[in-house]
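Novice: Provide a 3D model corresponding to the input given below.
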Amino acid sequence: MNSRTQRSPEDMLPAAQVLARYQVSDMTIFRWLKDSCLGFPQPIRINGRRYWRLADLQAFENRQASKKEAA
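Specialist: Model (predicted):
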(Lines give C-alpha, C1' and ligand atoms only; values in the text may rest on other atoms or scores of the structure.)
Protein backbone atom coordinates (compact mmCIF):
# COMPACT_ATOMS: atom_id res chain seq x y z
CA MET A 1 0.00 0.00 0.00
CA ASN A 2 1.48 3.36 -0.89
CA SER A 3 1.56 6.35 1.43
CA ARG A 4 -1.12 8.20 -0.58
CA THR A 5 -3.81 5.62 0.25
CA GLN A 6 -3.05 5.36 3.97
CA ARG A 7 -4.78 7.88 6.20
CA SER A 8 -3.40 9.23 9.44
CA PRO A 9 -5.79 10.46 12.18
CA GLU A 10 -4.10 13.83 11.76
CA ASP A 11 -5.10 14.03 8.09
CA MET A 12 -7.31 16.91 7.09
CA LEU A 13 -10.29 16.25 4.84
CA PRO A 14 -11.70 19.07 2.69
CA ALA A 15 -15.44 19.73 2.69
CA ALA A 16 -15.98 17.83 -0.58
CA GLN A 17 -14.53 14.65 0.95
CA VAL A 18 -16.64 15.06 4.10
CA LEU A 19 -19.78 15.45 1.97
CA ALA A 20 -18.85 12.30 0.05
CA ARG A 21 -17.96 10.40 3.25
CA TYR A 22 -21.48 10.89 4.66
CA GLN A 23 -23.27 11.17 1.30
CA VAL A 24 -24.99 14.39 2.35
CA SER A 25 -25.34 17.91 0.98
CA ASP A 26 -23.56 21.02 2.19
CA MET A 27 -26.86 22.16 3.76
CA THR A 28 -26.95 18.99 5.86
CA ILE A 29 -23.43 19.66 7.14
CA PHE A 30 -24.52 23.24 7.95
CA ARG A 31 -27.47 21.88 9.97
CA TRP A 32 -25.28 19.34 11.76
CA LEU A 33 -22.89 22.10 12.76
CA LYS A 34 -25.74 24.18 14.21
CA ASP A 35 -27.15 21.22 16.22
CA SER A 36 -25.17 21.29 19.48
CA CYS A 37 -26.81 18.03 20.65
CA LEU A 38 -25.43 16.17 17.65
CA GLY A 39 -21.84 17.13 18.37
CA PHE A 40 -20.58 17.21 14.78
CA PRO A 41 -17.00 18.57 14.82
CA GLN A 42 -16.41 22.16 13.79
CA PRO A 43 -14.26 22.65 10.71
CA ILE A 44 -10.87 24.30 10.63
CA ARG A 45 -10.87 27.21 8.19
CA ILE A 46 -7.83 27.75 6.03
CA ASN A 47 -8.03 30.55 3.46
CA GLY A 48 -11.83 30.45 3.68
CA ARG A 49 -12.03 26.72 3.01
CA ARG A 50 -13.29 24.15 5.49
CA TYR A 51 -11.27 21.13 6.60
CA TRP A 52 -11.97 18.50 9.22
CA ARG A 53 -9.46 16.38 11.11
CA LEU A 54 -10.04 12.72 10.33
CA ALA A 55 -9.68 11.87 14.05
CA ASP A 56 -12.52 14.28 14.92
CA LEU A 57 -14.80 12.69 12.32
CA GLN A 58 -13.95 9.19 13.54
CA ALA A 59 -14.71 10.21 17.14
CA PHE A 60 -18.08 11.61 15.99
CA GLU A 61 -18.83 8.34 14.17
CA ASN A 62 -17.93 6.31 17.27
CA ARG A 63 -20.23 8.45 19.44
CA GLN A 64 -23.07 7.98 16.96
CA ALA A 65 -22.49 4.20 16.85
CA SER A 66 -22.54 3.93 20.64
CA LYS A 67 -25.80 5.94 20.76
CA LYS A 68 -27.40 3.47 18.34
CA GLU A 69 -26.17 0.49 20.37
CA ALA A 70 -27.59 1.98 23.57
CA ALA A 71 -31.03 2.54 22.00
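
Novice: quick one: low-confidence ranges for the chain?
Specialist: Of all residues in the chain, those with pLDDT under 70 make up the ranges 1-6, 9, 71.

Novice: pull out the buried residues from the longest strand belonging to it.
Specialist: With secondary structure taken from DSSP state E, the chain has its longest strand at strand 49-53. Within strand 49-53, the residues that count as buried by 16 or more other C-beta atoms under 10 Å are 50-53. Glycine gets a C-beta too; all of them are placed from N, C-alpha and C.

Novice: now stretch 26-34
Specialist: Neighbour count says stretch 26-34 has Ile29 buried, by 16+ other C-beta under 10 Å.

Novice: residues touching it, excluding its own?
Specialist: The contact list for stretch 26-34 (C-beta atoms under 8 Å, 6 or more residues apart in numbering) reads 15, 18-19, 22, 38, 40, 42-43.

Novice: so which of the residues you listed belong to helices?
Specialist: Within the contacts of stretch 26-34, residues falling in helices by DSSP state H are 15, 18-19, 22.

Novice: most surrounded residue in the residues you listed?
Specialist: Val18 (20 neighbours; other C-beta atoms under 10 Å).

Novice: so what's that residue closest to, chain neighbours aside?
Specialist: Spatially, and ignoring its direct neighbours in sequence, Val18 is nearest to Trp52 (5.4 Å; C-beta to C-beta, 6 or more residues apart in numbering).

Novice: OK, contacts around the one you found?
Specialist: Counting by C-beta under 8 Å, 6+ apart, Trp52 has contacts 12-13, 15, 18, 41, 43-44.
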